[in-house]
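1. Task: produce atomic coordinates for the following.
(one chain, ligands or ions: 1)
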Amino acid sequence: MSLNARLQASLDSRRKRNILRRLPEPTTVGPNSTGSDFYTNDYLSLASSKSYHERLLKKLQSSHAVAGSGGSRLLVNSTAHATLEARLATFFQAPAALLFNSGFDANVGFFACIPGEHDFVLYDEAIHASVYDGMRASRARDSLYSFKHNSVESLDRRLSDLMRSDPRILDGTCSVFIAVESLYSMDGDFAPLLDIVQLLETSLPHGNGHLIVDEAHATGIYGPEGRGLVAMLGLEKKVTTRLHTFGKALACTGAVLLTSPLIYSYLLNYARPLIYTTALNHACITAIDTSLDILTDGTATQLSTHLLNLFDTFLTKLAPFIKKLPPDVIHLPQNILVPSARASPIIPVMTSKARPLSAYLNERGFLTRPIVWPTVPKGADRVRICLHAGNTVEEIDSLVGALLAWAQTQMQPRARGLIADAKL
Ligand SMILES: Cc1ncc(COP(=O)(O)O)c(C=O)c1O
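-> Here you go, the predicted model:
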């Protein structure tokens, strides 16, 4: 088969199964965006904030270097990059901080080169694609094991099975890496970090269990000054490596791995996505620095407090009706509905009709995106509602009204009365 015929057949097959990926229609983003943002990862609304833009422009104007970095970090190690790394290490209270061009590069860089031939990687089944890609490229590629999403029991079982089959785990002569996200991007739920740490300490007393936490979606929102969930739980010293990204709540791009000086040096020597690429440009370094100012001056804490209060607002408004809706029309994951649920900026509204629901909301100015297989498992399609510091209580009110109004259009006439008392 010719190249073109093969590529076309593959795309046609996706189109037939209604899973062909396309770019959405171009839209204006930032302060002049039309509609209420319920879809971007700009959780603190910094990317669309005029005052953030002003602070950034001021910093850029006073900065001497705003253009390209001139090469890989190993070729040109600018003072701006080195100073930012030092600031990040101090801010996150980490022994070392290593900048990457993106969270994707950082995960691939870490997982492709740190786990060795005789090591094991146990990963949450919902882990981000970049961790998968890194693990598959590593020398531990034949020793990768998933555990059930957020299940410490499943992780424990995996670990026990492996310890029975390979005594090197018990005597500490090989390493076991555990890969989790602190806040999961598609489900909006949280890794049980305290329980995982405890399990590792009791099961692997030689200290050969290494927890690697991806804080991409928690950065800027949780913990003191937005330092993440690991910091909120005081686990900095129990986690081997943390990833924070700057492309989501921090309105820039790029990422940092917080780790030991030894792993820092190893990555500098072997991590290909770091070595063989041009380092972040100076405008980006300045933007990350501006976002750090916003974290440290208390602005971000105010923004995240408002953002997380909106989670309660959303649930308080929707929860009374959710049980009356047929689950294929709309349902929320059980873990979000329990009273003790930690507030999250990500709410997956589960539905078998994610595309029509999202289109309905978009037409009414509530900007959302459908998330469908293969991005999420089959049967777990959803509209991923992202809350933002820039959203208002009134917007949440109207969004819930629109969700319920759409649900009514999907229900049999007799069942509609069940949610008729909702303010639509
Ligand atoms: C959990 C997680 N980790 C890593 C990444 C990659 O980060 P970046 O967008 O900076 O490449 C993402 C972004 O999609 C993510 O959701």
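2. what's near enough to touch the spatially closest residue to V372 that is not a sequence neighbour?
-> Nearest residue to V372, sequence neighbours excluded (C-beta to C-beta, 6 or more residues apart in numbering): D381, at 4.5 Å. In this view, the C-beta of every residue, glycine as well, is placed from N, C-alpha and C. Contact analysis of D381 by C-beta atoms under 8 Å, 6 or more residues apart in numbering lists M350, T351, S352, K353, A354, P370, I371, V372, W373.
3. Let me see the contact set for the closest residue to the ligand within the chain.
-> Closest approach between the chain and the ligand, counting by C-beta to the nearest ligand atom: G103, at 2.3 Å. Contact partners of G103, counting by C-beta under 8 Å, 6+ apart, are H128, S130, D214, A216, L243, T245, G247, A255.
4. tell me the phi and psi of the third one?
-> Here is the backbone geometry of D214 (degrees, to the nearest 10): phi -90, psi 110.
5. so it makes contact with E181?
-> Yes. The criterion here is C-beta atoms under 8 Å, and D214 meets it with E181 at 4.4 Å.
6. Give the intersection of the neighbour lists for the two.
-> Common contacts of D214 and E181 (C-beta under 8 Å, 6+ apart): I127, H128.
7. These two - which one has more neighbours?
-> More crowded of D214 and E181, by other C-beta atoms under 10 Å: D214, with 30 against 26.
8. Bridged to the more buried one, which residues?
-> Using DSSP bridges, the bridge partners assigned to D214 are E181, L243.
9. which residues does it contact?
-> So D214 contacts G103, N107, I127, H128, V131, A179, V180, E181, S182, R242, L243 (C-beta under 8 Å, 6+ apart).
10. What are the phi and psi values at the closest residue in space to R369 that isn't next to it in sequence?
-> Distances taken as C-beta to C-beta, 6+ apart place Y39 nearest to R369, at 4.7 Å, with adjacent residues excluded. In terms of degrees, to the nearest 10, the main-chain angles of Y39 are phi -140, psi -30.
11. and Y39, how many neighbours does it have?
-> With other C-beta under 10 Å as criterion, Y39 counts 22.
12. Likewise for the one 5 residues further on?
-> By other C-beta under 10 Å, the residues close to L44 number 30.
13. which stretch of helix or strand covers it?
-> Counting by DSSP states H and E, L44 is held by no secondary-structure element, helix or strand.
14. Switch the contacts of D214 over to a markdown table; also include pLDDT.
-> Formatted as a markdown table, these follow (pLDDT from 0 to 100):
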| residue | pLDDT |
| --- | --- |
| G103 | 98 |
| N107 | 98 |
| I127 | 97 |
| H128 | 96 |
| V131 | 98 |
| A179 | 98 |
| V180 | 98 |
| E181 | 98 |
| S182 | 98 |
| R242 | 98 |
| L243 | 98 |
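15. circling back to that earlier point, which ones are touching the residue nearest to R369?
-> Y39 is in contact with L367, T368, R369, R384, C386, counting by C-beta under 8 Å, 6+ apart.
16. N41 reaches C386, doesn't it?
-> Yes. Here N41 reaches C386: they are 6.6 Å apart, a contact under C-beta under 8 Å.
17. Determine the next helix or strand in the C-terminal direction from the longest helix anywhere in the chain.
-> In terms of residue count, the longest helix belonging to the chain (DSSP state H) is helix 299-322. Once the chain leaves helix 299-322, the next helix or strand it forms, by DSSP H and E, is helix 334-337.
18. Tell me the secondary structure at the residue minimising distance to the centre of the chain.
-> Geometric centre of the chain, nearest residue: H217, 3.6 Å, by C-alpha atoms, centre = their mean. Of the three states, H217 takes coil under DSSP: H, G, I helix; E, B strand; the rest coil.
19. Show the contacting residues for the closest residue to it other than its chain neighbours.
-> Closest residue to H217 apart from its sequence neighbours, by C-beta to C-beta, 6+ apart: L183 at 4.3 Å. Neighbour list for L183: D189, F190, A191, E215, H217, A218, I221, Y222, L229, S344, I346 [criterion: C-beta under 8 Å, 6+ apart].
20. which one of the residues you listed sits closest to I294?
-> The closest of the contacts of L183 to I294 turns out to be I221 (C-beta to C-beta; 12.5 Å).
21. Show me what from the stretch 101-250 of the chain comes close to the ligand.
-> When proximity is defined as C-beta under 6 Å from any ligand atom, the stretch 101-250 of the chain approaches the ligand at 102-104, 107, 128, 130, 181, 185, 214, 216-217, 245, 247.
22. Which two of those residues have the greatest separation?
-> S102 and E181 (15.6 Å).
23. Count the residues that sit near H118.
-> Using other C-beta under 10 Å, H118 has 14 other residues around it.
24. pLDDT score assigned to the spatially closest residue to it that is not a sequence neighbour?
-> Ranked by C-beta to C-beta, 6+ apart and with sequence neighbours excluded, the top spatial neighbour of H118 is C174, at 4.4 Å. Note for C174: predicted pLDDT of 96.
25. So C174 belongs to a strand, correct?
-> No. Read with three-state DSSP, C174 is coil and lies in no strand.
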